[in-house]
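**Q** Make a model of this:
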Amino acid sequence: MIFFPPEVLYSKLLIGSLMKVMQEGLLVLNASDEIEIANQAAADIFGYSEGELLLRKNVRELYASLKDADLKAPFFQEEGHSDKWEDPFIREDGRVFVASYSITVIHDNESGKLFKIVLLRDVSEQRQSIKTIAEYTHSLEKNNRELDQFAYIVSHDLKAPLRAISNLSSWLEDDLGSSLSGENKDNLATLRGRVKRMEALINGILEYSKVGRENVPSQTVDVARLLEDVIELLSPPPHIRINIMGSMPCIETPRILLHQVFSNLISNAIKYNDKEAGIVSVGFTEKESCFEFWVEDNGPGISPEYHETIFVIFQTLQARDKYESTGIGLTIVKRILAAVGGKINVVSSVGKGSTFIFNWPKTSPEQRNDEKS
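**A** Modelled structure (predicted):
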């Protein structure tokens, strides 16, 4: 409802129609800065049930701070349009909110009166959102700095012993000289190769730690070759046989992420297998929008009640003194898949082995970001 005092000579039909469709609050003041017209949007903003309750109030009464009212007072006297400001105002119930508003002062030549039009809107939620985002951003930047420091320390602590192993193998080879058999030389060379590969993997993991802050570049990945690298790095014991079922695809994706997923899943299948002849099988099915990979084993299996728990960080189903485990591997897998837009689930029951099934999108993260933009 729009309220007009009888003495104000305006076309009620025209102005009323305009005011009804306005989403912004409208206040029309007289020369003494008293409110003569208020639309319902203004009444809602200031917390009044009826716009009539705003009439005859001086605009100064609506400011939460008289200092702000005094600073804006000159603009209520100058003809023309003012810039937009943001100031705290007070609602009918005493609550303070922030409004964005502008002032237009018009001189009516016929009556000689000044009329002042104030357009305003409540931006409290918007300002609170900006403040919250700023706080989250500051917290995220702090966490990222700490993560960078942690990653550097971990990298240094892991790489140092790896380099020592590589150096020791070289010294042994030099010291033993001709007394070293060809097979042992090959073993030492293999050891150094594994060390280099492990160091490369550490560098890749450090790159992964930047996911969400920096894009990990995609590349053409031959999944068959990637699996060969994973299996060679894991060095499964003689009683474990790993089968690659059929041909594997080539996909455009960040290689280190897919490497980490397969490495964790196959490592778990090897580590927890309780059979004298362990079998781990890896295969895939091509879907319309993704590749569905699966890692299957003939191990002890997992009770359905733990199918969600195993993806929670630091959760393990076996005693830590029986298996050396951090309880973080499957959590990393789930996080990587979430980052690339994939999912994982497990099909398993006690005594019947486990099958971990995950889908890997055909489009790269960069392509999905381009599509969103």
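**Q** When you work out contacts or count neighbours from here on, use the C-alpha atoms and nothing else.
**A** OK.
**Q** Need the mean per-residue confidence for the top helix by length along the chain.
**A** When the chain is parsed with DSSP state H, its longest helix is helix 124-176. Helix 124-176 shows a mean pLDDT of 82.
**Q** Can you list the helices and strands that that helix packs against?
**A** For helix 124-176, the packing partners by 3 or more C-alpha pairs under 8 Å, 6 or more residues apart in numbering; DSSP states H and E come out as strand 96-107, helix 182-208.
**Q** So the residue lying farthest from the centre of the chain: helix, strand or coil?
**A** Using C-alpha atoms, centre = their mean, the residue of the chain lying farthest from its centre is residue 110. It sits 61.1 Å away. Following DSSP: H, G, I helix; E, B strand; the rest coil, the label given to residue 110 is coil.
**Q** so what's it scoring on pLDDT?
**A** In this model, residue 110 carries a pLDDT of 77.
**Q** any idea how far it is from residue 279?
**A** Note on residue 110: its distance to residue 279, by C-alpha to C-alpha, to the nearest Å, is 97 Å.
**Q** Tell me the buried residues in stretch 256-267?
**A** 256, 257, 258, 259, 260, 261, 262, 263, 264, 265, 266, 267 (16 or more other C-alpha atoms under 10 Å).
**Q** let me fix that: stretch 96-109
**A** 96, 97, 98, 99, 100, 101, 102, 103, 104, 105, 106.
**Q** what angle sits between the longest helix of the chain and helix 182-208?
**A** 170 degrees (axes from the mean of the first three to the mean of the last three C-alpha atoms, to 10 degrees).
**Q** Sketch out the low-pLDDT regions of this protein for me.
**A** By pLDDT under 70, the weakly predicted segments of the chain are 1-21, 203-215, 312-328, 364-373.
**Q** Which residue ranges of it form helices?
**A** 12-21, 40-45, 66-72, 124-176, 182-208, 223-234, 255-271, 329-340, 365-372.
**Q** can you redo these as CSV with distance to residue 78?
**A** As requested, the helices of the chain are exported to CSV (distance: least, C-alpha to C-alpha, whole Å):
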stretch, distance to residue 78
helix 12-21, 24
helix 40-45, 23
helix 66-72, 11
helix 124-176, 28
helix 182-208, 60
helix 223-234, 73
helix 255-271, 64
helix 329-340, 57
helix 365-372, 48
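**Q** what about the helices and strands packed on helix 124-176, which gets the closest to residue 233?
**A** helix 182-208 (6.7 Å; C-alpha to C-alpha).
**Q** starting at the chain centroid, how far to that closest one?
**A** Centre-to-centre, helix 182-208 and its host chain are 34 Å apart (C-alpha atoms, centre = their mean, to the nearest Å).
**Q** what's that helix packed up against?
**A** helix 124-176, helix 223-234, helix 255-271.
**Q** now the shortest one, how far from the centre of its chain.
**A** From the chain centre to the centre of helix 223-234 is a distance of 30 Å (C-alpha atoms, centre = their mean).
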